[in-house]
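Chemist: here's a sequence, model it:
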Amino acid sequence: CFNSGSSCEKCDFETDLCKALPELNLQPGWVRRNGRSGMGPPYSDHSGNDSAYFLSLSSEMRSSSATLRTNVFLPTDEEHICQITFHYWISQMSGTLMVGLQKHSKDTITNVWQDSGELQNQWKANTITINSTENYEV
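Modeler: As a prediction, this is how the structure comes out:
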């Protein structure tokens, strides 16, 4: 759910990528699939639905990294907060999942959250709050 002020955009992958993740930014390695795909766990989404879609790293990508990048978000202030809640799954094979913030005046990406999955092979949820005085991507 991408929340800016009172509006909240729910982002699932049932028909395609959601508005926050442009198609062009789906880098090699990411696959849109569901639990019935025959690609191994997870066998359902976070609500237990085996036909619901989610994004997954393909098995060829186990040894390298792949990025998802959002569209550009507008600056935040007291009225326009940005909260992103997401569900994620880390398997025993995986490394680290990181969320980074790139402000438009900077070339560097600031790491704002990460998890390397001590509790593996189960869905977890996390919410991050972002403050930025300028346009940014996550």
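
Chemist: what residue spans form the domains of this structure?
Modeler: Residue ranges for the domains of the chain, per the TED database: 11-68, 72-137.

Chemist: format the ones you listed as JSON lines; extra columns: mean neighbour count and mean pLDDT.
Modeler: (Each C-beta comes from the backbone N, C-alpha and C, glycine too.) Output for the domains of the chain, formatted as JSON lines (neighbours: other C-beta atoms under 10 Å; pLDDT from 0 to 100):
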{"stretch": "domain 11-68", "mean neighbour count": "14", "mean pLDDT": "82"}
{"stretch": "domain 72-137", "mean neighbour count": "14", "mean pLDDT": "88"}
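
Chemist: what segments of the chain are strands?
Modeler: 2-4, 7-9, 30-34, 53-57, 82-89, 97-103, 110-115, 123-130, 136-137 (DSSP state E).

Chemist: between those, which one is nearest to residue 74?
Modeler: strand 2-4 (7.5 Å; C-beta to C-beta).

Chemist: any residues touching stretch 117-126, and which ones?
Modeler: Identification of contacts with stretch 117-126 by C-beta atoms under 8 Å, 6 or more residues apart in numbering yields 41-42, 45-46, 85-92, 94, 96-97, 113, 115.

Chemist: same question, stretch 102-113
Modeler: 72, 98-101, 126, 128, 130, 132, 134-138.

Chemist: from residue 84, how far out is residue 105?
Modeler: When distance is defined by C-beta to C-beta, to the nearest Å, residue 105 is 21 Å away from residue 84.

Chemist: right, I mislabeled it, should have said residue 66
Modeler: Counting by C-beta to C-beta, the gap from residue 66 to residue 84 is 19 Å.

Chemist: kindly report the same for residue 17.
Modeler: In terms of C-beta to C-beta, residue 17 sits 15 Å off from residue 84.

Chemist: ok, now residue 15?
Modeler: Counting by C-beta to C-beta - residue 15 and residue 84 are separated by 20 Å.

Chemist: cool, thanks, talk later.
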